[in-house]
Every structure is written in C-alpha cells, then in structure tokens.
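1. how would this look folded up:
(one chain, ligands or ions: 1)
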Amino acid sequence: MIEIKDIRKTFNGKEVLAGISGKFKDSDTSLIIGGSGTGKSVLLKCIVGLIKPDSGNVFFDGRDFINGDRNLRTEVRREMGMLFQGSALFDSKTVEENVMFPLDMLTPMSRQEKLDRVNFCLKRVGLENVNLRMPSEISGGMQKRVGIARAIVMNPKYLFVDEPNSGLDPLTAVTIDELIKEITDEYKMTTIVVTHDMNSVMGIGEYVMFLYKGRKVWEGDSNNIIDTDVRELKEFLFANKFIKSIKENEQS
Ligand SMILES: Nc1ncnc2c1ncn2[C@@H]1O[C@H](COP(=O)(O)OP(=O)(O)OP(=O)(O)O)[C@@H](O)[C@H]1O
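-> Okay, here's the model as predicted:
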C-alpha cells in the first residue's frame, strides 16, 4: 500500500498541491483524475520522488520515502515501474533493447536471462515477434504495450502510469486500460494511473481520487462516482457526453 499524508507543493508562490492525503491499496488500480492543471502530474511526481513536496509524507508499505535514508530510497525506487508521457521509448533502440534497458542498467543478469525476461514481458502484454522492430515501425497502441512491458520488466511492486490513453483511439485505449488492470491484479501491484479519460474511470477505477485546484475534493470508486453531490466533480463528469447520457437515462 502507498499512503500519502498532507502533500503540499507551491511553485513560484502558486499553491499547486494544498495538502493531499489518501491511501492506494495493493492489487487496486487507483486513478487520480481532474481537469487540466489541477496538480495530478505534480502529485504523481511527488509520490515517485521526481519532485520533492514542500511538506507531507509518502509511505511505501510503511517505509517513509521522503525522509528515509539513501539506501531506503534506492530500495523503494527499484520496486517502482513507470510509464510516463515524458519517458517515451528510445527511438533509436529496438523494442527488445527498450524493454531490456532497465535490466541492463540495474541488474547483473546474463544476456540470456535478460532476453528470457524481456520475451516473457513482451508476451504478457500481447506482443510477439516484434523484438527487432523500431518504435517508429509499430502502432501507438503497440508502443504503449512496449512501455508497459518495460515498466514491469523489473517485477515492480508499484506501478505508475501518467495518461496511458493519450493519442490512442477509444478501443485501443480500453485494451490498454484492461491490460494495466489485469497486470495489477496478477502481480498484486499497487498501481496509480493519472488520467482525465472518463472511460478509464468507469472501466477500471477501483479507487478514484478527484483533484480540483490542488485539493482532493472527492474519493470513491467507479460505482458511486456518478451519484456524487460534489459540484466540482459533477461539472467534470457531465462535461463528458457519455456520462451525461448514463445519468439522464437513469433519471428518465
Ligand atoms: N516544474 C514546475 N514549475 C512550475 N510550475 C509547475 C511545474 N510543474 C507543474 N507546474 C504547474 O503546476 C500546475 C499543475 O500542473 P500538473 O501538470 O500537475 O497538472 P495536471 O493536473 O496534471 O494537468 P494536465 O491534465 O493538463 O496534465 C500547473 O499550473 C503547472 O503549470
């Protein structure tokens, strides 16, 4: 489980995170949602240690990640898998080299052991016989799968994904969401996904944290989200035509 306590962050006098707390459980696919600029990505970066919050704590299975010593931080970092928008695939490396990269950097495994692990992960995300292709030679959905394979290659306890569906058509987006959820269940990972895709919320949101202007104004799951009384969340939800039609059908 990952627990965050009262995370605060200000940039140049602008408060971006105004004290956020919450718990992300094992085997759950947790979503952080909200409109543009509400602090979702900054919160995720604070959790993984890419940004240091001004105050607050992040506990990984009880381990204090922010105040822990260097060894503890390294240990926790090694247990993380990430698929971030900014950390796209290396264009000049093949699919196989991309997925193998963390193993090359962080393990003493032999070439054959690494290859076996890479092939296992590629197969798990539904990709076979693409090892020697370049990222530019495969579709956007396949590139995301390669990114997921790379994120899980070190067998992480914690998986972080920022906007997995950006640039994908709705059908491919659903298959990527389902893959993330399946892998989370299978390996009992704690997974946090940042998204503003309402289809993801309704499809895989086992725990959903809604941010508005740097504050958590709602938390719950996909079963109770559309019955919310929280005005900011309602505005966010009903800006989506699909959700609006579900609600209207319910009422008629
Ligand atoms: N390194 C930084 N320096 C200064 N301001 C930043 C920095 N990173 C983010 N911000 C600001 O923090 C606010 C929240 O940004 P964040 O990227 O977390 O939004 P978001 O909710 O993820 O939005 P989106 O859905 O559009 O990606 C924005 O106003 C952004 O400009």
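2. Next one: the closest residue to the ligand within the stretch 151-252 of the chain, what pLDDT does it get?
-> Of all residues in the stretch 151-252 of the chain, the one sitting closest to the ligand is residue 196 (5.5 Å; Cβ to the nearest ligand atom). To be clear about C-beta, it is placed using only N, CA and C from the backbone, and glycine gets the same treatment. Residue 196 is assigned 84 on the pLDDT scale.
3. Over to residue 216?
-> Per-residue confidence for residue 216 comes out at a pLDDT of 97.
4. Get me the contact residues on the stretch 1-150 of the chain for the ligand.
-> Where the stretch 1-150 of the chain comes near the ligand, counting by Cβ under 6 Å from any ligand atom, the residues are 11, 16, 34, 36, 37, 38, 39, 40, 41, 42.
5. Report the two of the residues you listed separated the most.
-> Taking Cβ to Cβ as the measure, those span a maximum distance of 17.0 Å, between 11 and 34.
6. So which of these two has more stuff around it?
-> When residue 11 and residue 34 are compared for neighbours, residue 34 comes out ahead with 25 against 11, by other Cβ atoms under 10 Å.
7. what bridges to the residue nearest to that one when sequence neighbours are not counted?
-> The spatial neighbour of residue 34 that comes closest, neighbours along the chain excluded (Cβ to Cβ, 6 or more residues apart in numbering), is residue 211 at 3.8 Å. With DSSP bridges as the criterion, the beta-bridge partners of residue 211 are residue 216.
8. Residue 211 and residue 44 touch, don't they?
-> No. Taking Cβ atoms under 8 Å as the contact criterion, residue 211 and residue 44 are not neighbours in contact, 10.8 Å apart.
9. Those two: which has the busier surroundings?
-> residue 211 (24 against 20).
10. helix/strand/coil for residue 233?
-> Recorded secondary structure, residue 233: helix (DSSP: H, G, I helix; E, B strand; the rest coil).
11. count of neighbours near it?
-> Each residue near residue 233 was counted by other Cβ under 10 Å, and the total is 20.
12. Same question for residue 128.
-> The tally of other residues near residue 128 (other Cβ under 10 Å) stands at 9.
13. Nearest residue to the residue of the stretch 151-252 of the chain closest to the ligand in space, please, no chain neighbours.
-> Closest residue in space to residue 196, ignoring its immediate chain neighbours: residue 33 at 6.1 Å, by Cβ to Cβ, 6+ apart.
14. Show the subsequent helix or strand relative to the lengthiest helix in the chain.
-> Counting residues, the longest helix in the chain under DSSP state H turns out to be helix 170-187. Per DSSP states H and E, helix 170-187 leads on to strand 190-194 as the next helix or strand towards the C-terminus.
15. thinking again about what came up before, what pLDDT does the residue nearest to residue 196 get?
-> In the prediction, the pLDDT value recorded for residue 33 is 95.
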